[in-house]
Structures are given as structure tokens and as C-alpha cells.
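1. A predicted structure for the sequence below; I have some questions about it.
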Amino acid sequence: MKTLKSITIIAITGLMLMATQSYAQRGNRGNRMNRANTCYQNIPDLSEQQSQEIQELRSTHLNTMAELRQERRSTTDRDQKSAIREKMLQKQESHKNQVRALLNEEQKSWFDTNYQKYQNNRAGRGNGNRGSGGRGNRGGNRNY
């Protein structure tokens with residue numbers, strides 16, 4: 001009986017360690033919605049109106065991007081995929097400019113600095129990640 005308890009405790013402990021380890025390996029691939037919000041959520045001295053307008057712009061942008069992603073996934077034509085990707089990049093730039101237009105000069109300065117950091121982190125170049133960041137074999141933070 002004592003042996004059975006010991007084996008059970010060891011097995012449960014092992015399972016807990018494996019679960020913790022696999023969760024830790026996920027890294028920054030967590031909830032994309034929360035990650036996508038990071039470049040907007042800490043802008044200093046946002047008024048309630050600015051915050052609300054940014055949230056509305058973000059919601060509209062996320063819906064538009066989801067539609068474009070679905071459209072891109074539904075085709076196998078490389079030229080169409082490329083055209084849709086270009087449209088997505090234009091929408092992303094437009095969204096950034098719309099948000100930026102709502103900010104005062106101090107907030108714009110903060111936003112520009114932190115938006116660039118956010119983009120670098122998304123590409124796997126910002127915090128020492130060596131992964132490709134979804135960019136094939138080009139790698140992340142390598143200086144040759």
C-alpha cells in the first residue's frame with residue numbers, strides 16, 4: 001500500500017512537471033488578442049474618449065484582418081495571396097496612422113517608439129529571440 005502511494009505521488013509529480021514544461025515552451029505564442037493590444041494599451045495619459053476611439057478602431061481593424069486572412073487562406077493562387085498580403089499590410093499601416101492621429105505629440109512619440117519595439121518582437125528580433133518569428137529560415141536576431 002505504501003509503495004502504491006509513493007508510485008502515485010511520483011507519477012502525479014512527473015505529470016505536473018511535464019505540463020509545466022510544455023506550457024513554458026509556448027513562449028510568446030499565447031493569446032494573440034492580448035499580444036496585439038500591447039502596443040496600444042500603455043499609451044500615457046489617454047483620455048477616456050481616446051481610449052474608446054482606439055478600441056473601436058482596433059475592433060474594426062481586427063474584423064477586417066480576419067476577413068482578409070480567411071480570403072487569403074481560401075485561395076491557392078500565389079499572385080492572389082500576394083495581393084491580399086499587400087492589402088493586409090496597407091490596412092495595418094492605415095490602422096496605425098488612424099490611431100496615431102488620435103494622439104497628442106507626447107503620446108505620438110511614445111507610440112512610435114513602442115510600436116517599433118512591438119513590431120520587432122513580433123518578428124522575433126526584439127528581445128533576443130533566436131527563432132525565425134514566422135519568417136522562414138532568415139532567423140531573428142543574428143548579426144553576421
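-> Done, it's in.
2. who are the neighbours of whichever helix in the chain runs longest, in terms of helices and strands?
-> Secondary structure assigned by DSSP state H gives helix 48-73 as the longest helix of the chain. Secondary-structure packing of helix 48-73 (3 or more C-beta pairs under 8 Å, 6 or more residues apart in numbering; DSSP states H and E): helix 32-41, helix 78-101. (Each C-beta comes from the backbone N, C-alpha and C, glycine too.)
3. what's the average pLDDT for the host helix or strand of residue 9?
-> Assigned by DSSP states H and E, residue 9 belongs to helix 2-24. Averaging pLDDT along helix 2-24 gives 76.
4. Dump the C-alpha coordinates for it into CSV.
-> In CSV, the C-alpha atoms belonging to helix 2-24 read as follows (Å, rounded to 0.1, in the frame of the first residue of the first chain):
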residue,chain,number,x,y,z
LYS,A,2,2.8,2.4,0.9
THR,A,3,4.6,1.5,-2.4
LEU,A,4,1.4,2.3,-4.4
LYS,A,5,1.1,5.7,-2.7
SER,A,6,4.7,6.5,-3.5
ILE,A,7,4.3,5.5,-7.1
THR,A,8,1.1,7.6,-7.4
ILE,A,9,2.8,10.6,-5.9
ILE,A,10,5.8,10.3,-8.2
ALA,A,11,3.6,9.9,-11.3
ILE,A,12,1.5,12.9,-10.4
THR,A,13,4.6,15.0,-9.7
GLY,A,14,6.1,13.9,-13.1
LEU,A,15,2.9,14.8,-14.9
MET,A,16,2.8,18.2,-13.3
LEU,A,17,6.4,18.8,-14.3
MET,A,18,5.8,17.8,-17.9
ALA,A,19,2.7,20.0,-18.1
THR,A,20,4.6,23.0,-16.6
GLN,A,21,7.5,22.5,-19.0
SER,A,22,5.3,22.2,-22.1
TYR,A,23,3.4,25.3,-21.1
ALA,A,24,6.7,27.2,-20.5
